[in-house]
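J.: Please work out how this folds:
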Amino acid sequence: MKASGLAAVFLVSTLSIGLRAQSLRGSIYGEFSDPSNRPLSGVQIRITEQDTNKERITTTDAEGFFTIALLSPGTYHLEADKTGFSRYRQVLTLQVNQEIRVVASMLPGVRSEQISVT
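T.: Residues are numbered from 1 along each chain as shown. Just a heads-up that it's a prediction; the model follows:
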């Protein structure tokens, strides 16, 4: 009886460790390129959670890749900016343990902003 009791304790403790190791978080990752499919480095990626307005910011690497991990499930607004290119926007809904891949081409252009002075 002692051996089976120890086996049951071991099994329960192993299962509980496995359950704690699981995460409810997801990630958004991807790559940005120009219309000629050349990678765009230095693109500023801003992800804003719709419900909380919490922001996470990163920049694409030399190959145009980015990753933002450990995100709670929810709706996110993604904005990508790079000088000389039009701003890229996308709304994403992240589920539990989901990884969303974004592959986008940024178009050359000038971002226009209007400033009113009175």
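J.: so how far does stretch 87-98 reach from one end to the other?
T.: Stretch 87-98 has an end-to-end distance of 25 Å (C-alpha to C-alpha, to the nearest Å).
J.: Looking at it now, give me its mean pLDDT.
T.: This predicted structure assigns stretch 87-98 an average pLDDT of 97.
J.: Residue 46: neighbour count?
T.: Neighbour count for residue 46, taken as other C-beta atoms under 10 Å: 15. Just so you know, the C-beta spots here come from the backbone N, C-alpha and C atoms, and that holds for glycine as well.
J.: now swap in the one 10 residues further on and tell me
T.: Neighbouring residues of residue 56 were enumerated by other C-beta under 10 Å; the total is 15.
J.: Neighbouring strands - and their directions - for the host helix or strand of it?
T.: Residue 56 is part of strand 55-59, with elements assigned from DSSP states H and E. Here strand 55-59 has these sheet partners by DSSP bridges: strand 44-49 (antiparallel).
J.: shaky segments in this structure?
T.: Residue ranges of the chain with pLDDT under 70: 1-23, 110-118.
J.: could you pull out the strands for it?
T.: 26-33, 44-49, 55-59, 65-71, 74-81, 88-94, 99-105 (DSSP state E).
J.: The shortest one to strand 26-33, inter-axis angle?
T.: If I follow you right, that is strand 55-59. Per axes from the mean of the first three to the mean of the last three C-alpha atoms, to 10 degrees, the angle that strand 55-59 makes with strand 26-33 is 40 degrees.
J.: Work out the gap between strand 55-59 and the centre of the chain.
T.: 9 Å (C-alpha atoms, centre = their mean, to the nearest Å).
J.: Give me the angle between it and strand 74-81.
T.: Relative orientation of strand 55-59 versus strand 74-81 (the same axes, to 10 degrees): 40 degrees.
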